[in-house]
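**Q** okay, predicted coordinates and the sequence, questions at the end:
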Amino acid sequence: MRDIYVIGTGITSFTRLEYPLAEIAAYPAVAALRDAGIDKVDHIYVSNMGGGRVNHQTGLASAVVDHLSMFPVGAETIENGPASGASAIKTAAMAIGSGMFETVLVTGAERMNEVNALDATDFVASLSHPLAEAIYGVTLPSLAGMFARLYMHKYGVTERHLAMVAIKNHANACLNQFAHVQTKITMEGILDGKEAATNNPPIALPLRFFDVCPVSDGGAAVILASAEVAKDVAKKTGKPLVKLAGFGQATDTHAVHEREDPTSLTAVKIAAANAFKMAKLAPKDVSVAELHDAFTILEIAESEEVGFFERGKGHLALERGETQIGGKLPINTSGGLKARGHAVGATGVAQAHEIILQLRGEAGKRQVKDAKVGFTCNFGGFGNNVVCLAFVRE
Amino acid sequence: MQKQILGYKCKKCGAVHYPYRSRCKKCGHTEWKGLDIVFDTVPLPDTGKLLTFTDVYALPADFEAVKLSLGIVELEGGQRMTARLNIERPEIGMKVKGKVELVRDNSYQKNFGMVFYADK
């Protein structure tokens, strides 16, 4: 397979956006074209989960091409739940790697705030098993709540550790102008103080309001290219070359209760191992990572499953400050899903966007010094479909 | 007749799954009978121990309750299921006993499922 490079990237604010879904996908795409200094690509993949259900819009890819006035380029939409974004990047990488195309644009978008919070919850809950989970009223937060309960029981993780993830990621988001929740939070405010119970009500115990990501609208884009095109672009733009060195994907049972150990995220473990193997890298080589912290507990659990920390020890690394900016391995410098926001179909692309900025040294106040290897974990369903990506600055 | 939740037993290796799937999770076998895929059905036990649980406050729109209590139960014999709980003070590892009740009525469909109680 040929080498795969990233030549451009763009993002919208993750927030409530008052413009149509196709435009949310088009905006970061245009920004990515400008970033790369090119005006067309050979192919387009659009990642999105809810267009048909939430926005009454199907065939999104065609609408995005229309916005971009890039006829007659080929395009399709990729839906893989919350892992749609990294799935689309993986698919684009295979298209470049195979020699089929020289440049492929991936743009992800979601507009959830077209419906109210209850409908949004119900929409996301449609990821659960219809016969064995959804009939009971299972939602994604409830799966996370059950996971967290057992995980905390087994490994001595406390509510305090969960709060530390939220506090760290909110602080990072305050350094990211595109983040959804740019608000500093404190242990006093969400756990210890008199007002904490009001500020931080239960959602799916033991998870509370500040353990759960917001529902965001947003879009993000990357452009992948062959080595030949990428070197040409780098010469013109003067930006460092970033290589997509590895990708990995794995699946797991639909119903969480069927997993041998319901606290294992086996698909995360396998997807990460595959990405590292392809990139000829190891977890210890990573300088910055974006993990799928839809719930605070997931940042801790994933940091172990991808191989950064030993099983059951992730919360100790967090406690020591290793995962904050300035620590040994900063995690979720963008603010993560927790505070940058979670615009479902765009999230995997937004993770890649952050890593690309970090590896190019363009992350401003949240820049990780000398970041050379970046890693993303995009987590679909409740861990039933996971895509990991490994990036390297050359 | 008492309603039961059924597990699906592979015709080849005997592994029991819940919920239904089209190929055996353990050995990959599918038994064909003409154009039909067939598994033996076996009633799942109604007793077991509570593996984990949560109280959920953010509910889909068709629920009128303020909160729901949900859990994963490990049944006698090792099968597991996700279910509703009606237990005042749930604890990991406690013994539970369930029965089939109406669990979700979302205007177009009545769904029946297992509700577990403390097994004294």
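**A** Good, I have the coordinates.
**Q** tell me how many other residues crowd the residue of the stretch 251-394 of chain A found nearest chain B.
**A** Per Cβ to the nearest Cβ, A:His257 is where the stretch 251-394 of chain A lies closest to chain B, at 4.2 Å. All C-beta atoms are positioned from the backbone trio N, CA, C, and that covers glycine. The local packing of A:His257 (other Cβ atoms under 10 Å in any protein chain shown) involves 24 other residues.
**Q** what's the pLDDT at B:Met1?
**A** Looking at B:Met1, its pLDDT is 57.
**Q** ah, wrong one, I meant B:Ala65
**A** 89.
**Q** what's the closest non-adjacent residue to it?
**A** Nearest residue to B:Ala65 in three dimensions, chain neighbours excluded: B:Leu59, at 6.8 Å (Cβ to Cβ, 6 or more residues apart in numbering or on different chains).
**Q** is it true that the one you found touches B:Leu68?
**A** Yes. Using Cβ atoms under 8 Å, B:Leu59 is in contact with B:Leu68, at 6.1 Å.
**Q** shared neighbours, those two?
**A** Shared contacts of B:Leu59 and B:Leu68 (Cβ atoms under 8 Å, 6 or more residues apart in numbering or on different chains): A:Gly137.
**Q** residues of stretch B:93-103 that come out buried?
**A** B:96, B:98, B:103 (16 or more other Cβ atoms under 10 Å in any protein chain shown).
**Q** show only the entries of those found in helices.
**A** Counting by DSSP state H, the buried residues of stretch B:93-103 place none of their members in helices.
**Q** returning to that earlier point: so the residue nearest to B:Ala65 versus A:Pro206, what's the distance?
**A** In this view, B:Leu59 and A:Pro206 are 18 Å apart by Cβ to Cβ, to the nearest Å.
**Q** from chain A, which residue is nearest to chain B?
**A** For chain A, Cβ to the nearest Cβ, closest residue to chain B: A:Gly145, 3.2 Å.
**Q** model confidence score at residue 19, please.
**A** Picking chain A for this. pLDDT, read off for A:Tyr19, is 96.
**Q** wait, I meant chain B there
**A** At B:Pro19, the model reports a pLDDT of 95.
**Q** would you mind giving the domain segments of chain B?
**A** As assigned by automatic domain parsing, chain B contains the domains B:6-43, B:47-118.
**Q** most tightly surrounded among these?
**A** Of all those, domain B:47-118 carries the top mean neighbour count, a mean of 17, counting by mean count of other Cβ atoms under 10 Å in any protein chain shown.
**Q** and the contacts of stretch A:85-96?
**A** A:2, A:4, A:43, A:45-47, A:78, A:80, A:101-106, A:108, A:220, A:222, A:224-226, A:244, A:247, A:249, A:345-352, A:376, A:378, A:380, A:385, A:387-389.
**Q** 6 Å - rerun?
**A** Residues outside stretch A:85-96 that contact it (Cβ atoms under 6 Å, 6 or more residues apart in numbering or on different chains): A:4, A:45, A:47, A:78, A:80, A:101, A:104, A:106, A:108, A:224, A:226, A:244, A:247, A:346-349, A:352, A:378, A:387, A:389.
**Q** among these, which are located in strands?
**A** A:45, A:47, A:78, A:104, A:106, A:108, A:224, A:244, A:247, A:378, A:387, A:389 (DSSP state E).
**Q** for the third one, what are its contacts?
**A** So the one you mean is A:Ile78. Counted by Cβ under 6 Å, 6+ apart, A:Ile78 has contacts A:45, A:47, A:84, A:87-88.
**Q** now do 8 Å
**A** Taking Cβ under 8 Å, 6+ apart, one finds A:45-48, A:84, A:87-88, A:91 in contact with A:Ile78.
**Q** got the phi and psi for the residue nearest to it when sequence neighbours are not counted?
**A** Using Cβ to Cβ, 6+ apart and skipping residues adjacent in sequence, the residue nearest A:Ile78 is A:Ala88, 4.3 Å away. Main-chain torsions, A:Ala88, degrees, to the nearest 10: phi -70, psi -40.
**Q** kindly report the same for the one 5 residues further on.
**A** Here the main-chain torsion angles of A:Ala93 (degrees, to the nearest 10) amount to phi -60, psi -40.
**Q** one more: B:Asp55?
**A** phi -110, psi 120.
**Q** give me the neighbour count for the closest residue to it other than its chain neighbours.
**A** Leaving out its chain neighbours, the residue that sits closest to B:Asp55 by Cβ to Cβ, 6+ apart is A:Leu205, at 4.6 Å. The local packing count at A:Leu205 equals 21, with neighbours defined by other Cβ under 10 Å.
**Q** equivalent analysis for A:Asp285, please.
**A** Residues near A:Asp285, counting by other Cβ under 10 Å: 14.
**Q** repeat that for A:Val73.
**A** A:Val73 has 15 nearby residues by other Cβ under 10 Å.
**Q** residues from chain B in reach of chain A?
**A** Contact residues (Cβ under 8 Å from any Cβ of the partner chain) of chain B with chain A: B:17-20, B:25, B:51-63, B:68, B:70-72, B:80-84, B:92, B:103-104, B:111-113.
**Q** and the residue in chain B positioned nearest to chain A, what does it touch?
**A** Residue of chain B nearest chain A, by Cβ to the nearest Cβ: B:Thr54 (3.2 Å). Contacts of B:Thr54 were listed using Cβ under 8 Å, 6+ apart, and they are A:142, A:145-146, A:148-149, A:204-207, B:69-71.
**Q** which of those residues sits closest to A:Ala273?
**A** A:Ala148 (24.3 Å; Cβ to Cβ).
**Q** tally of neighbours for the nearest residue to that closest one once chain neighbours are set aside?
**A** Nearest residue to A:Ala148, sequence neighbours excluded (Cβ to Cβ, 6+ apart): A:Ile297, at 4.2 Å. Neighbouring residues of A:Ile297 were enumerated by other Cβ under 10 Å; the total is 26.
**Q** the bottom helix or strand of chain A by mean pLDDT?
**A** Using mean pLDDT, DSSP states H and E, helix A:117-125 stands out as the lowest-scoring helix or strand of chain A, at a mean of 88.
**Q** same question but for chain B, I mixed them up
**A** strand B:16-17 (a mean of 93).
**Q** show residues contacting that one.
**A** A:258, B:7-10, B:24-25, B:42, B:44, B:77, B:79.
**Q** lowest-confidence entry in those residues?
**A** Scanning the contacts of strand B:16-17 for pLDDT, the low point is B:Gly77. It has 88.
**Q** what's the spacing between that residue and B:Ala15?
**A** In terms of Cβ to Cβ, B:Gly77 sits 12 Å off from B:Ala15.
**Q** likewise B:Glu88?
**A** Distance from B:Glu88 to B:Ala15, by Cβ to Cβ: 36 Å.
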